[in-house]
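Participant: build the 3D model from these lines:
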Amino acid sequence: MALRDRLPASPIRLPRPRGLPRYTVHRDLPVVMPDGATLLTDRYVPTGVRRPPPTILVRTPYGRRGPASVVNGLPLVPFGFQLVVQSVRGTFGSEGEFDPLTHEREDGLATVRWLKEQDWFNGSFGTYGPSYLGYTAWASAADSGPELKAMALQITTSSILAAAYVGGSFALESALTWSDLTARQQTPLGMITAPLTARRRVVRAARSGRAPVELDLLTGGSPLRFYRDLLDGHGHEPGSDFWRKRDFSGTVGEVTAPVSLMGGWYDIFLPWEVKDYLALRAAGHRPYLTIGPWWHADARHGIVAFREALAWFRAHLRGDFSGLRANPVRVYVTGAREWRDYGDWPPPGMTQRRWHLHSGGGLGEDGPQARPGSTYRFDPARPTPALGGPTLLGSSRPVDNRPLERRPDVLLFTSPELTEDLDVIGPVGADLFVRSSREHTDFIVRLCDVAPDGASLNVCEGGLRIDPGRPVADKPVGTEGVRRIAVDLWPTGHRFRRGHRVRVHVTSGAYPKVAANPGTGGPLNAVGAFLPADQEVFHDPDHPSAILLPVVERSPERAVPDVAAEGSVY
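Facilitator: Numbering: from 1, shown residues only. Sure, this is the predicted structure:
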């Protein structure tokens, strides 16, 4: 099982532009917002066009020029599209204060109104971009009008709320990394140094053991507003005053423009990007979804994003559908090293199977055993680390978890060697019966693939923060206080090969991916005590704890072996 990565070659082939990729740039076009703030905008127009071509609109906080122009969609221009790129409020010359997430709907809609008034606008436009660029597109999409004809978005989501509080636990590393990145990117050489150093600075600060409210001071030397806002907003429910103008998951189904989504198995936004896809399907739409073996800052997905977006825009903005694949869902199956096409997500024919946790560390489809539960102690002053898993910057490639598995605060449940390949493709969950000495605590579940040589590589993970408000399961005699909890893990597409074993971790920390639960129930934006928690996981017939695996047995609509993936993540 190799740890090296190579780009799986997506089976998409598109024509090249004729001649040199020449274009004309109109820089610093002023777009005035309703409150008077002027946002600077650049317009790229391919040379040699007689009529105004369709427009692709991008709104970004990361700058309009230099290396950022590639991410902003500049390679699309030679194929017959004009590109309009705007720096969002408070960034790279645009007036106002950059208050992340807050103004994107109003400013986006004002920009769309301005776009429709221009004499070079031909009546149709699309939106494009990864991460925050995709979020700004979702912010205004539902009210952009019929002129919005297509959306091609990557590694993004309409709901930063859910991604900021994973299962209710604060996504400390990603929140602090992004806050530090955006605070320093406009300083001299900031666009070069900030992406390279932000995560290292955050991890170094997290190792200090200080409370979350102090970590921005250790990272950057001063308070970081967005990070502090997220700390203050911890626990806010969807629809609260804080999130009402920042969360657009409730309007995804109202978007009528065709949508193409691209994500990665190890991306921080994947679970909620998939929910955006499902919301569109529930509203009767037919979005496209592509998921590869990538993480958020993985440069390998850039060419795939461009190819898929180009095919999407050619189809829905220019009427050329020849580049679209027949099936809307395409996923790369790690372990099998192949792309697969499906008619929908989850894959048709998928069955959810319960693999029960057994006393003594076993795991399998045979039923639970009448034996005592498993126990461990979690100490938030020395929180259980995460060796791998999704992160905003840096690599999220699967890593060998054996050092983590030697800790006493990590429970392991491992299957016998598989006698045949096991394809797990779809949503993964855990149904656990637990008891804690603390009313406030976390449970983390991780799925791993154990190779014949013993290497234990993480496949996906997820967590849940519990408190007195969570439902309590039926309590047979002697098991008072048992809670039945459902933990959502990241979706996955992975083959456990014959001769490998399936392993499940149950623990209570994944630091600094998520903030350690102090056990007190106190707010994150305060400095307080750390209270250890004694944890029990039950797995008897009355409490059949299990990992829920989405198993796919029948052949996909199309499978494309990837001969270029030797040395892939699995």
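Participant: any stretches of the stretch 251-400 of the chain with poor pLDDT?
Facilitator: Within the stretch 251-400 of the chain, no stretch has pLDDT under 70.
Participant: ok, now with 90
Facilitator: Applying pLDDT under 90 to the stretch 251-400 of the chain flags the ranges 367-371, 394.
Participant: would you list every one of the strands in it?
Facilitator: 259-266, 288-295, 329-333, 338-342, 351-358, 362-364, 374-378 (DSSP state E, counting those that start in this stretch).
Participant: need the distance between the two termini of stretch 438-454.
Facilitator: 34 Å (CA to CA, to the nearest Å).
Participant: now that stretch: mean pLDDT?
Facilitator: Stretch 438-454 carries an average pLDDT of 97.
Participant: how far off centre is it?
Facilitator: Here stretch 438-454 is found 19 Å from its chain centre; the criterion is CA atoms, centre = their mean, to the nearest Å.
Participant: can you list the buried residues in that stretch?
Facilitator: 438, 440-451 (16 or more other CB atoms under 10 Å). Bear in mind the C-beta positions are built from the backbone N, C-alpha and C, glycine included.
Participant: pull the number of nearby residues for the closest residue to residue 140 other than its chain neighbours.
Facilitator: If you skip the residues right next to it in sequence, residue 140 has residue 108 as its closest partner in space, 3.2 Å away by CB to CB, 6 or more residues apart in numbering. Using other CB atoms under 10 Å, residue 108 has 23 other residues around it.
Participant: so residue 108 sits in a strand?
Facilitator: No: counting by DSSP: H, G, I helix; E, B strand; the rest coil, residue 108 falls outside a strand, being helix.
Participant: gap between it and residue 350?
Facilitator: Look at residue 108 and residue 350: by CB to CB, to the nearest Å, they are 36 Å apart.
Participant: residue 209: neighbouring residues, count only.
Facilitator: Residue 209: 11 neighbours (other CB under 10 Å).
Participant: dihedrals phi and psi, it?
Facilitator: Phi and psi for residue 209, reported as degrees, to the nearest 10, are phi 80, psi 10.
Participant: wait, it touches residue 379, no?
Facilitator: No: counting by CB atoms under 8 Å, residue 209 does not reach residue 379; the two are 11.4 Å apart.
Participant: residues contacting residue 415?
Facilitator: By CB atoms under 8 Å, 6 or more residues apart in numbering, the contact set of residue 415 is 355, 362, 363, 364, 501, 502, 503.
Participant: nearest residue to the fifth one in space, please, no chain neighbours.
Facilitator: Just to be clear, that refers to residue 501. In space, residue 501 is closest to residue 450, 4.1 Å off (CB to CB, 6+ apart).
Participant: can you check the first one too?
Facilitator: Closest residue in space to residue 355, ignoring its immediate chain neighbours: residue 547 at 5.0 Å, by CB to CB, 6+ apart.
Participant: check which helices and strands the helix or strand containing that neighbour sits against.
Facilitator: Element membership of residue 547 [criterion: DSSP states H and E] is strand 546-551. With contacts defined as 3 or more CB pairs under 8 Å, 6 or more residues apart in numbering; DSSP states H and E, the packing partners of strand 546-551 are strand 351-358, strand 422-426, strand 429-436.
Participant: and the gap between the residue nearest the centre of the chain and residue 83?
Facilitator: The centre of the chain sits closest to residue 269, judged by CA atoms, centre = their mean, with a distance of 1.4 Å. Remark: distance between residue 269 and residue 83 (CB to CB) = 24 Å.
Participant: helices of this protein, start to end?
Facilitator: 68-71, 104-117, 132-141, 160-164, 172-184, 190-206, 212-220, 225-232, 241-244, 270-282, 301-318, 402-405 (DSSP state H).
Participant: report the buried residues of the fourth one.
Facilitator: Neighbour-count burial for helix 160-164, with 16+ other CB under 10 Å as criterion, is recorded at 160, 161, 162, 163, 164.
Participant: name the nearest residue to the first one, sequence neighbours excluded.
Facilitator: Pointing back at residue 160 there. residue 101 is the one closest to residue 160 (CB to CB, 6+ apart), at 5.9 Å.
Participant: so can I have TSV of the buried residues of stretch 438-454 showing distance to residue 425?
Facilitator: Listed next are the buried residues of stretch 438-454 as TSV, based on distance: CB to CB, whole Å:
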residue	distance to residue 425
438	36
440	35
441	32
442	27
443	25
444	23
445	18
446	18
447	13
448	17
449	14
450	19
451	20
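Participant: quick check: residue 191 touching residue 71?
Facilitator: No: counting by CB under 8 Å, residue 191 stays clear of residue 71, with 11.6 Å between them.
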